[in-house]
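>>> only geometry, no sequence info:
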């Protein structure tokens, strides 16, 4: 994530070459209260031929995704890049396809500057959604409100959504209901969370409603991270609650009635605030055991003894464990989890320092 990590990028793989795994853990899920533990991993470069770096968003191509005749296959992982080859933040334009086996390939390349952020998701009709927060020179001073891009299964841009309520979309979670979809955004420019309701068909998306449903999160420009702002979002459909990881607040909030509310009552309630383990709560995903996984950006409350880690905690706010991503600070950002069978799930997390993605296979016992 850190724009100052250019020197560390000398360690990055500068093309699509699979990396040898250097970590070995074991995963198990005996019940919903067990820790979510890493397993043997593989890694791959996320750097396409144009040299984009700083991988941010991570999304899976699910089995119900209409791949058509395009390059995507079920089980693929997509990664969005935020920086260009000169490491200027908010100028990356590419989405990389990480196949289940074989070398990564380029799926999408837009027009600079775009700054494809952590907001990355898919819809079963065969569309990829990606948020963008562009800058002119890699600094927050020139940041633009950005938009939501809709890309088809051929890797072609088909729609762009802008709005006065889209203010630097920093992360996103997508609730896919087939003919309809809900998209939640966190906005870096004004510290809010928005909900957009869409109708979906095989020809594209139609916006139905757009509401600001939460507000009041701390936010600011940051030379190292571009912005410290609300980021990771996880929606619990069973309780209609939206969990929000706010970097500068260094806390995780919960917003009630997220899919129904039409206005904001503030940031919601804090469910997890832990200065011992949280060092700038960032991207977030739900583990198969029902726990939440949040990455640290190491900019807030920095601890050199806990660099680039994923923190696991319960939805009641109880710390469970930490999972290392990189031995240096500033590496852990986007992540996603996908259950692929009754016995197996996959955790994928990017490392901004090495411009790579690590993929763990999770046996579910």
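Alright, I've got the coordinates. Quantities reported herein were computed from a predicted structural model and do not represent experimental measurements.

>>> so where's the stretch 251-365 of the chain shaky on pLDDT?
365 (pLDDT under 70).

>>> can you show me the strands along it?
251-256, 269-272, 281-286, 292-296, 309-313, 319-324, 332-339, 344-351, 356-363 (DSSP state E, counting those that start in this stretch).

>>> cool, and the stretch 51-200 of the chain?
Using DSSP E, counting those that start in this stretch, strands in the stretch 51-200 of the chain cover 53-60, 77-83, 94-98, 105-109, 116-123, 127-132, 147-152, 157-161, 169-176, 180-187, 192-201.

>>> now for those strands, which one comes closest to residue 45?
Closest approach to residue 45 among these is made by strand 94-98 (8.5 Å; Cβ to Cβ). C-beta coordinates here come from the backbone N, C-alpha and C atoms, glycine included.

>>> specify the beta-bridge partners of residue 337.
residue 347 (DSSP bridges).

>>> just give the number of residues close to it.
19 (other Cβ atoms under 10 Å).

>>> isn't it up against residue 288?
Yes - Residue 337 is within contact range of residue 288, at 6.8 Å (criterion: Cβ atoms under 8 Å).

>>> between these two, which contacts overlap?
Residues within reach of residue 337 and of residue 288 at once, by Cβ atoms under 8 Å, 6 or more residues apart in numbering, are 345, 362.

>>> need the strands of the stretch 251-365 of the chain in TSV with distance to residue 211, can you?
Listed next are those as TSV, based on distance: least, Cβ to Cβ, whole Å:
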stretch	distance to residue 211
strand 251-256	12
strand 269-272	19
strand 281-286	21
strand 292-296	24
strand 309-313	28
strand 319-324	33
strand 332-339	25
strand 344-351	30
strand 356-363	33
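
>>> any idea which of those gets closest to residue 159?
Short answer: strand 332-339, nearest of those by Cβ to Cβ, at 22.8 Å.

>>> mind giving me the packing neighbours of that closest one?
Counting contacts by 3 or more Cβ pairs under 8 Å, 6 or more residues apart in numbering; DSSP states H and E, strand 332-339 is packed against strand 53-60, strand 77-83, strand 116-123, strand 281-286, strand 292-296, strand 309-313, strand 344-351.

>>> so which elements touch the second one?
Strand 77-83 is packed against strand 53-60, strand 94-98, strand 116-123, strand 332-339, strand 356-363, with contacts defined by 3+ Cβ pairs under 8 Å, 6+ apart.

>>> rewinding a little: in a markdown table, list the helices and strands packed on strand 332-339 along with mean neighbour count and distance to residue 228.
Output for the helices and strands packed on strand 332-339, formatted as a markdown table (neighbours: other Cβ atoms under 10 Å; distance: least, Cβ to Cβ, whole Å):
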| stretch | mean neighbour count | distance to residue 228 |
| --- | --- | --- |
| strand 53-60 | 27 | 15 |
| strand 77-83 | 28 | 15 |
| strand 116-123 | 27 | 14 |
| strand 281-286 | 26 | 9 |
| strand 292-296 | 27 | 12 |
| strand 309-313 | 23 | 17 |
| strand 344-351 | 24 | 19 |
